[in-house]
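Novice: next one to model:
(chains A and B)
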There are 2 protein chains.
Amino acid sequence: MAKQDKQFVKEITPQSEDFSRWYIDVLQKAEWMDYAPVRGCIVIRPDAYEIWERCQRELDREFKRTGHRNAYFPLFIPESFFEKEKEHVEGFNPELPWVTEAGGDILEERLAVRPTSETMFGHMYAQWIQSYRDLPLLLNQWANVVRWEKRTLPFLRTSEFLWQEGHTAHATEEEAREETMRMLGIYADFVESFLAIPVIRGQKTPSEKFAGAVETYTIESLMKDGRALQTATSHYLGQNFAKSFEIQYLDKDNQLKYVYTTSWGMSTRILGAIVMVHGDDRGLVLPPKLSPTQVVIVPIGPAKAREAVVAKARELFDALKRADIRVHLDDRDDVSPGWKFNEYELRGVPIRLELGPRDLEASQAVLARRDTGEKITVPLDAVIERVQALLSDIQRDLFEAAKRRLEENSHVAETLDQLVEIIQTKRGFVLAGWCGDDACERAVKDACTATSRCIPFDPPARPSTCVTCGKPAKHAVWFAKSY
Amino acid sequence: MAKQDKQFVKEITPQSEDFSRWYIDVLQKAEWMDYAPVRGCIVIRPDAYEIWERCQRELDREFKRTGHRNAYFPLFIPESFFEKEKEHVEGFNPELPWVTEAGGDILEERLAVRPTSETMFGHMYAQWIQSYRDLPLLLNQWANVVRWEKRTLPFLRTSEFLWQEGHTAHATEEEAREETMRMLGIYADFVESFLAIPVIRGQKTPSEKFAGAVETYTIESLMKDGRALQTATSHYLGQNFAKSFEIQYLDKDNQLKYVYTTSWGMSTRILGAIVMVHGDDRGLVLPPKLSPTQVVIVPIGPAKAREAVVAKARELFDALKRADIRVHLDDRDDVSPGWKFNEYELRGVPIRLELGPRDLEASQAVLARRDTGEKITVPLDAVIERVQALLSDIQRDLFEAAKRRLEENSHVAETLDQLVEIIQTKRGFVLAGWCGDDACERAVKDACTATSRCIPFDPPARPSTCVTCGKPAKHAVWFAKSY
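Specialist: Numbers count the residues shown, from 1 in each chain, chains lettered A, B, ... in the order given. Model (predicted):
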């Protein structure tokens, strides 16, 4: 922190001027990340990493509650493994980094650095699964993966990122489908209740599904610039990988059968979503449930009153800490309160507690909300309960504000012209009818670069005709520009 | 579990016959790991991974308590980075895997898959550290690393492994040295109190130190076959990396100075240590503090009494669970109690609780200790407190037994002949005097393949002459065959 330029807040590009620039400015100045000396790679710095740790803890608990266990599979995948599933190799081949030499020798078979691990899990599952008694097999791993993409953006699309990938095998299609939906539900609930980001749940169209999946389910969210971001996916893989990797089991009826598999993942891209959904021109705005610091105490007022104020601030610090609130006391005297206000606003701390000599006299403190800017004067003996209530208000209000924004930026289009006009003037999500033909979906993208985000489970309208060709619509589809 | 061969226990090679074979047998049959289809790589299966998770939780708490924060740095390191520190590149170059192609293109500069991250941290620290106010900088990362070694052994030496690596930068040599010793102490306390493995603390000789370090400190433990295993290291790096990567800060006196850095790491090799220190011919023996399951309840007796026994077993299960004991009830009726006994012994569960109809009548249960085989009959209403006490007894007794073994296998040698004879007949640790000359150290290795493990902080004796040349000894050194 010590290196912060005293004028740093003014250096953040306003969102309205250049949203991407704003995003990078905030990430760097709030010390969430820095560019690494490898193309498309970043360093995830402690404040951001701590949020990822909190996300891991919550998700991991849910995974374990639903019967999953963690394991660790190798980083390197032999080239031949990718060849086994045709769609999978076509989807991932263009993005793979290859290890060709190791320990001073040229390798006989090139090793891919994993972009995802269906093939490696498939290979091992074939050895571990023999009988119906071995099913279901429910594993997850927390790992790094690499996808060498052309365009990168910190957190949202980096050459290397952190994620979890669940891989499960089941005796029946029904069970595997239930698992796919269960995990999508866990992701959706987590994103809404911890990240305070509303999601649209639905199914990917065939052209947007995971390479090798039968069906891909997704949760999609709206960023403040009107673009969509896919925050997690859950794939029903059917018997595709089971057949490619010969994952068979002897059933109770003594028949040898292929298993049904699923996979599902959530990555560090959600850190980018937090920034793009809640942040503003002053910097980050963090949901209290995930913020490393929930309350920062800043003593104010003239130097002569300082000692008494800081003493009381310490008392409050101790009391808040005892109440399990993540609190930080900034009693440095070589930077001004105003500088501190800016700094903690940049860093997105949900509540600033100001305490000065006049507050002391009146036995009160001022709570300033990061999200709304509102200032609330509270009696000193009510600080803890008011802070607790305010933290949960802020968590709820952030979600509600994001939800209103999602609703206000969700539109319906009957024709391609309408769709294009909305995308070009307002962005956001546009619901439109679709006949099911790939060409009609592609026509939307060609017209305005918006892609189909999902076929929602619960569409707000059911357009009767295809937005492109006018034939009867099979599905309602959400289109949007996306990250 | 369902696939266990009913005769599996007999298939474990006895330790006395072939310790390495015993080790692999246990790891595979207890489902701790499986070989992956990539040279020298394994899959860490859930029971082993869960122990790693517990280790992570404990260590991470200690790291945070001592002011460190987690971050994440890139997997790939540009080739030029290694060239910057001469010793470092010489030490690691022979083991590096190289990414030479990515996304369909040949890379301009090859990327190493990290074997350790001093260079990457060094590069970033140079950008983040400007002033004395930025110090100390105390970061850690949990990550995978790769070292393409010729001889591999599951957990102890694999091409890829998981670890944590702490990297810190300090204003003064004194602070950096304190940090180095503090982290060594955290490792030593952790290994002794959680893994129940006694350690010898000391300093590596120059020939055994980390490539690029000024000094390397180590904790060494004795495996049951008489070999030593290095379980963690902590490096004082002086200004070596600071000078290679230009990590300078402006001090209070307005002078530009190089920082002093440290690094320290512990890896999944400790999982192998647990197996090799406590395991026996029946399989794993797990320290209660780390065991995924602490107590397994096995109902016994004839089918007609089953219902009442299982009902009481469920009650006990619930009561133990409420008492925060990690308990598993195996009430399957398609496998025999004897089969279950073998299975949970193989898996190293510290306590087996047996309950049969006669126990029910007598309001008692039988607790069987995995470590000693001892059986203890306890009244049903005292089960919880007895289990709690027994778990902590087992934890302590495992440590005491390992400590006795370490003491019994620690010897002193005055001459090279003596040293060689001890190593060849008994193995274990041999303390000997050393003049400080590399050639004399090498002579020991040439004579019997034992290497210097460390110069202990607290040697049990102080040999006056060098074991090789007979000149005055500068240090007492522990020699041993090692993994």
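Novice: list the contacts of the closest residue to residue A:245 other than its chain neighbours.
Specialist: By the measure of C-beta to C-beta, 6 or more residues apart in numbering or on different chains, the closest residue to residue A:245 outside its immediate chain neighbours is residue A:122, 3.5 Å from it. The C-beta positions use only the backbone N, C-alpha and C, and glycine is treated the same way. Neighbouring residues of residue A:122 by C-beta atoms under 8 Å, 6 or more residues apart in numbering or on different chains: A:84, A:241-242, A:244-245, A:247, A:261.
Novice: please report the distance of residue A:450 from chain B.
Specialist: 26 Å (C-beta to the nearest C-beta, to the nearest Å).
Novice: residue contacts, that residue?
Specialist: By C-beta under 8 Å, 6+ apart, residue A:450 lies in contact with A:419, A:423, A:430, A:444, A:479-482.
Novice: could you flag which of those residues are buried?
Specialist: A:419, A:423, A:430, A:444, A:479-482 (16 or more other C-beta atoms under 10 Å in any protein chain shown).
Novice: ok, whichever strand or helix holds residue A:377: who's next to it in the sheet?
Specialist: Secondary structure assignment for residue A:377, by DSSP states H and E: strand A:375-379. Looking at strand A:375-379 with DSSP bridges, its partner strands are strand A:364-369 (antiparallel).
Novice: so which of the contacts of residue A:450 comes closest to chain B?
Specialist: residue A:482 (20.8 Å; C-beta to the nearest C-beta).
Novice: spatially nearest residue to that closest one (excluding sequence neighbours)?
Specialist: Excluding the flanking residues, the one nearest residue A:482 by C-beta to C-beta, 6+ apart is residue A:228, at 4.3 Å.
Novice: for chain B, what's the nearest residue on the stretch 201-350 of chain A?
Specialist: Chain B sits closest to residue A:268 of the stretch 201-350 of chain A, with a gap of 8.2 Å, by C-beta to the nearest C-beta.
Novice: hmm, that residue is touching residue A:44, no?
Specialist: Yes. With contacts counted by C-beta atoms under 8 Å, residue A:268 reaches residue A:44, the gap being 6.7 Å.
Novice: between the two, which one's more packed in?
Specialist: residue A:44 (27 against 24; other C-beta atoms under 10 Å in any protein chain shown).
Novice: of the contacts of residue A:450, which belong to helices?
Specialist: Of the contacts of residue A:450, the ones assigned to helices by DSSP state H are A:419, A:423, A:444.
Novice: any idea how far residue A:450 is from the second one?
Specialist: Think residue A:423. According to C-beta to C-beta, to the nearest Å, residue A:423 stands 5 Å off from residue A:450.
Novice: next one: residue A:230
Specialist: Counting by C-beta to C-beta, the gap from residue A:230 to residue A:450 is 14 Å.
Novice: intersection of neighbour lists for the two?
Specialist: With contacts defined as C-beta under 8 Å, 6+ apart, the residues shared by residue A:230 and residue A:450 are residue A:482.
Novice: between the contacts of residue A:450, which is closest to residue B:184?
Specialist: residue A:482 (49.4 Å; C-beta to C-beta).
Novice: tell me the spacing between the closest one and residue A:26.
Specialist: Counting by C-beta to C-beta, the gap from residue A:482 to residue A:26 is 20 Å.
Novice: residue A:385 now?
Specialist: 32 Å.
Novice: can you check residue A:169 too?
Specialist: 42 Å.
Novice: the two: which has the busier surroundings?
Specialist: residue A:169 (29 against 24).
Novice: got a pLDDT number for that one?
Specialist: Residue A:169 is assigned 98 on the pLDDT scale.
Novice: where's it, which helix or strand?
Specialist: In the assignment (DSSP H and E), residue A:169 maps to strand A:160-170.
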